[in-house]
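*Asks:* how would this look folded up:
(2 chains)
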There are 2 protein chains.
Amino acid sequence: MDIKSKRIAILSPVAWRTPPRAYGAWETVASNITEGLVARGWKNVTLFATKESVTKAKLVGWVERGYEEDKSQIPLVSTCLHISKVMERADEFDLIHNNFDYLPLTYLRLIKTPMLTTIHGFSDPDILRVYHDHKDSYYASISDSDRNKDLPYLATVYNGIDLSNLAFRETPGNKLVHYGRIHLDKGTHLAIEVAKKCGKDLIIAGIIQDQDYFDNQVKPYVNGSSIKFIGPVNPVQRDALLKEACAVLHLNTIPERFGLVMAESMAAGVPVIAMDLGSCREVIADGQTGYLVNNVEEAVEAVNKIDKIDRKKCRQHVDENFTIDCMVRGYEKVYEQIFRLENQKNKK
Amino acid sequence: MDIKSKRIAILSPVAWRTPPRAYGAWETVASNITEGLVARGWKNVTLFATKESVTKAKLVGWVERGYEEDKSQIPLVSTCLHISKVMERADEFDLIHNNFDYLPLTYLRLIKTPMLTTIHGFSDPDILRVYHDHKDSYYASISDSDRNKDLPYLATVYNGIDLSNLAFRETPGNKLVHYGRIHLDKGTHLAIEVAKKCGKDLIIAGIIQDQDYFDNQVKPYVNGSSIKFIGPVNPVQRDALLKEACAVLHLNTIPERFGLVMAESMAAGVPVIAMDLGSCREVIADGQTGYLVNNVEEAVEAVNKIDKIDRKKCRQHVDENFTIDCMVRGYEKVYEQIFRLENQKNKK
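*Replies:* Model (predicted):
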């Protein structure tokens, strides 16, 4: 049987529309997988998402709008009703691909259809209790580094990014850029330190996730000239921002899970200087598409040799590893693996 | 087949131990039902509760301790793992009696065993979405008044109270008593108003649930003599408190769901003066075990004729309607009804 005829249910969260209008990381990935499968010729893809979601696959919705967009809802009510709907129809599918965290696993032993869970992040160590109770299920990680050692992963599938609005530019800008959530984890204060030591201008962009951190460790250094803060950027503004960049500083202070910002920057041809923590060494080809560093001093050195990086290689690296098509091909392989394993099980 | 051989799973919450060490309303009811069934000769009762729970039935636990007693747990993780365990073993039971709110219903279509849900309260109108999505399930209400008109209830089963530490006293005290949660809903300020108008002493007891309300509408009137506040009471202290009472004032400002305080007071022989809202007219026999009133003036009149109430009748009313044994006999009838309905279904 043609694998692309298999009946796949993609379970998306219902916090936001799929795809989200603005923010909504997991809904974005679920949408990219769904549309990517359809684009690659999969014939029986069903997206479980809010009713107002937009897809070329079949859409099944129970919850009208995302609970983050309609605050009259109790999130847990919408969440569990939504999950129950895919579970109640499990027999109609050959595989459920869960992008909605740990709760779907608690229904899993009540259905016969296999489920693949992409673990988009461990929000709290306590949720490991659920995963460890379901070690016989199928898991994908979003980077090799973001794995729990006790879970049997089938594969790492990197998130694919949408390349529209990410124009490649061969000519570098003359500024340093730092963007993403403004939070200690993302090391905005370290980007400022590096820029000052290099005597280079820095543009900071992103939503302020930790106001205290911003007020105490960022705002005092923002002067509107050599250090600018421009707030959050949409894709068009991001394009204009990256045009200014000779390098993006990504000096994360905790292990990165995947690192969307790094992939986006490289797609635009901008090399990334990143702390060697978590997935950074998987996303950046060290010395080829940017530099991995261990501290501010090494980051300053990296800035000083940034013109050694071939910006075409940055884009090429993304084209080969971090596009939506790459991601979908990755999941196709995982699906195939699951069908094979399930066949073996059923033969026994 | 002897109905008492049927295999019953009682699903208790895992916020606290079952029975709870102190607070834990739903765990208390679940424990009373479980132990009551065993006491009445049911042979196959299984309690699903925290591992450290205490029961004469079979105990199945997955969560070590209540998430309110062990704050390292994410409540939702414990909740859903706990629920999944009874669902995964559903085939081992003839009936699941759910005392753990709405989430278990979202698993219901994945199992074959019928489930009875006692709705202990609607914490938010949004949870009706779950109940309305499962109108084909079985429900019990805890009073006729605490019902949603769109749900098909099989019966009302009043909560049964534990009569130990509730000594009956024929001789009334000479004070008014008001106890329970100190909150606008419970009308502590109205009890004060009534006491002042009658020129009678008032003792107030209970946990302060709304500090603003206490500070503004209660505390200014507490003087340590005619109006006393003694804080929360344990069962032994409650006994001493009720000994002082000629009447208990229960001037609730919103509909009562059931009204534990009213049943306890009557058990001690103390008549209750209650606002005619919600379940009060189901718990009090008006003119026989207390008075239903509509405002402060009527409450004052009621105090003035309180000696017309026969205190023996108060106790008798509880013995006949609100003991644990009454509750368990009530649920036995509901179980029987469900088995009959399920038999009819299976014959079709």
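*Asks:* wait, what's in contact with the residue of the stretch 201-348 of chain A found nearest chain B?
*Replies:* Relative to chain B, the nearest point of the stretch 201-348 of chain A is A:K345 (18.7 Å; C-beta to the nearest C-beta). Using the backbone N, CA and C atoms, a C-beta is placed for each residue, glycine as well. Not one residue lies near A:K345 by C-beta atoms under 8 Å, 6 or more residues apart in numbering or on different chains.
*Asks:* isn't there a strand covering it?
*Replies:* No: if the criterion is DSSP: H, G, I helix; E, B strand; the rest coil, then A:K345 is helix and not within a strand.
*Asks:* At which residues are the strands of the stretch 101-250 of chain A located?
*Replies:* Under the criterion DSSP state E, counting those that start in this stretch, the stretch 101-250 of chain A contains strands at A:115-119, A:138-141, A:153-156, A:175-179, A:202-205, A:227-229, A:245-250.
*Asks:* From the chain's centroid, how far away is stretch A:222-241?
*Replies:* 22 Å (C-alpha atoms, centre = their mean, to the nearest Å).
*Asks:* Contacts for that stretch, please.
*Replies:* A:22, A:164-167, A:177, A:179, A:192, A:195-196, A:201-207, A:218-219, A:221, A:264, A:268.
*Asks:* Kindly recompute the last result at 6 Å.
*Replies:* A:165, A:167, A:177, A:201-207, A:221 (C-beta atoms under 6 Å, 6 or more residues apart in numbering or on different chains).
*Asks:* which of those residues has the most neighbours?
*Replies:* Within the contacts of stretch A:222-241, neighbour counts (other C-beta atoms under 10 Å in any protein chain shown) peak at A:V177, which reaches 27 neighbours.
*Asks:* Could you find the closest non-adjacent residue to that one?
*Replies:* A:A245 (4.0 Å; C-beta to C-beta, 6 or more residues apart in numbering or on different chains).
*Asks:* pretty sure the one you found is in contact with A:V272, am I right?
*Replies:* No: using C-beta atoms under 6 Å, A:A245 is not in contact with A:V272, being 9.7 Å away.
*Asks:* Just the pLDDT for A:A25.
*Replies:* Per-residue confidence (pLDDT) for A:A25: 88.
*Asks:* For chain B, what's the nearest residue on the stretch 151-300 of chain A?
*Replies:* Counting by C-beta to the nearest C-beta, the stretch 151-300 of chain A gets nearest chain B through A:L151, at 15.7 Å.
*Asks:* which parts of the stretch 1-150 of chain A sit against chain B?
*Replies:* A:73-74, A:77, A:80, A:84, A:87-88, A:103, A:106, A:109-110, A:124, A:126-127, A:129-130 (C-beta under 6 Å from any C-beta of the partner chain).
*Asks:* In the residues you listed, which residue is surrounded by the most others?
*Replies:* Result: A:T106 is most packed of the residues of the stretch 1-150 of chain A next to chain B (other C-beta under 10 Å), 28 neighbours.
*Asks:* contacting residues for A:M275?
*Replies:* A:251-252.
*Asks:* what about 10 Å?
*Replies:* Going by C-beta atoms under 10 Å, 6 or more residues apart in numbering or on different chains, A:M275 touches A:186-187, A:190, A:249-256, A:292-296, A:298-299.
*Asks:* Over to A:P271?
*Replies:* Contacts of A:P271 by C-beta under 10 Å, 6+ apart are A:172, A:245-248, A:262, A:265, A:284, A:287-291, A:302, A:306-311, A:313-314.
*Asks:* Apply 8 Å and report the result again.
*Replies:* Counting by C-beta under 8 Å, 6+ apart, A:P271 has contacts A:247-248, A:265, A:289-291, A:306, A:309, A:311, A:314.
*Asks:* Spatially nearest residue to the one residue in the stretch 101-250 of chain A that gets nearest to chain B, not counting backbone neighbours?
*Replies:* Across the stretch 101-250 of chain A, the shortest distance to chain B (C-beta to the nearest C-beta) belongs to A:L110, at 3.7 Å. Counting by C-beta to C-beta, 6+ apart, A:L110 lies nearest to B:L110, which is 3.7 Å off, once chain neighbours are set aside.
*Asks:* One more: A:Y23?
*Replies:* A:W16 is the one closest to A:Y23 (C-beta to C-beta, 6+ apart), at 7.0 Å.
*Asks:* wait, isn't that neighbour in contact with A:V63?
*Replies:* No: using C-beta atoms under 8 Å as the test, A:W16 is too far from A:V63 to be in contact (11.0 Å).
*Asks:* Now the helix or strand containing A:E35: buried residues?
*Replies:* Using DSSP states H and E, the element containing A:E35 is helix A:25-39. Neighbour-count burial for helix A:25-39, counted by 16 or more other C-beta atoms under 10 Å in any protein chain shown, picks out A:25-38.
*Asks:* how far does stretch A:102-119 stretch from start to finish?
*Replies:* 8 Å (C-alpha to C-alpha, to the nearest Å).
*Asks:* And the helices in the stretch 101-250 of chain A, which stretches?
*Replies:* A:128-132, A:188-198, A:211-213, A:235-243 (DSSP state H, counting those that start in this stretch).
*Asks:* Turn those helices into a markdown table, including distance to B:C326.
*Replies:* Formatted as a markdown table, those follow (distance: least, C-beta to C-beta, whole Å):
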| stretch | distance to B:C326 |
| --- | --- |
| helix A:128-132 | 39 |
| helix A:188-198 | 65 |
| helix A:211-213 | 56 |
| helix A:235-243 | 66 |
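*Asks:* any idea which of these is most buried?
*Replies:* helix A:188-198 (a mean of 21; mean count of other C-beta atoms under 10 Å in any protein chain shown).
*Asks:* Stretch A:41-58: how far from the chain's middle?
*Replies:* Taking mean C-alpha positions (C-alpha atoms, centre = their mean), stretch A:41-58 and its chain are 20 Å apart.
*Asks:* Low-confidence stretches in chain A?
*Replies:* A:1 (pLDDT under 70).
*Asks:* For A:G259, see how far away the residue most central in space within it is.
*Replies:* Nearest residue to the geometric centre of chain A (C-alpha atoms, centre = their mean): A:N159, 5.0 Å. As defined by C-beta to C-beta, to the nearest Å, A:N159 lies at a distance of 9 Å from A:G259.
*Asks:* Also A:F168?
*Replies:* A:F168 is 19 Å from A:G259, by C-beta to C-beta.
*Asks:* How about A:R281?
*Replies:* 10 Å.
*Asks:* neighbours around A:C326, how many?
*Replies:* By other C-beta under 10 Å, 18 other residues sit near A:C326.
*Asks:* Please apply the same query to A:E320.
*Replies:* By other C-beta under 10 Å, 9 other residues sit near A:E320.
*Asks:* ok, now which ones touch the residue nearest to it when sequence neighbours are not counted?
*Replies:* Among residues not flanking A:E320 along the chain, A:C326 sits closest, at 7.2 Å (C-beta to C-beta, 6+ apart). Applying C-beta under 8 Å, 6+ apart, we find A:C326 in contact with A:158, A:160, A:320.
*Asks:* quick one: what helix or strand has the closest residue to the second one other than its chain neighbours in it?
*Replies:* Closest residue to A:G160 in three dimensions, ignoring its sequence neighbours and counting by C-beta to C-beta, 6+ apart: A:M327, at 3.2 Å. Assigned by DSSP H and E, A:M327 belongs to helix A:324-347.
*Asks:* Using neighbour counts, pick out the buried residues of that helix.
*Replies:* A:324, A:326-328, A:330-332, A:334-335, A:338-339, A:342.
*Asks:* quick one, it and helix A:25-39 angle?
*Replies:* 80 degrees (axes from the mean of the first three to the mean of the last three C-alpha atoms, to 10 degrees).
*Asks:* what inclination does helix A:324-347 have with respect to strand A:115-119?
*Replies:* Using the same axes, to 10 degrees: helix A:324-347 against strand A:115-119 is 140 degrees.
*Asks:* number of nearby residues for A:E256?
*Replies:* The burial count for A:E256: 25, using other C-beta under 10 Å.
*Asks:* Next: A:M262.
*Replies:* 29.
*Asks:* and A:L292, that one's in a strand?
*Replies:* Yes: A:L292: assigned to a strand according to three-state DSSP.
*Asks:* Alright, that wraps it up for me.
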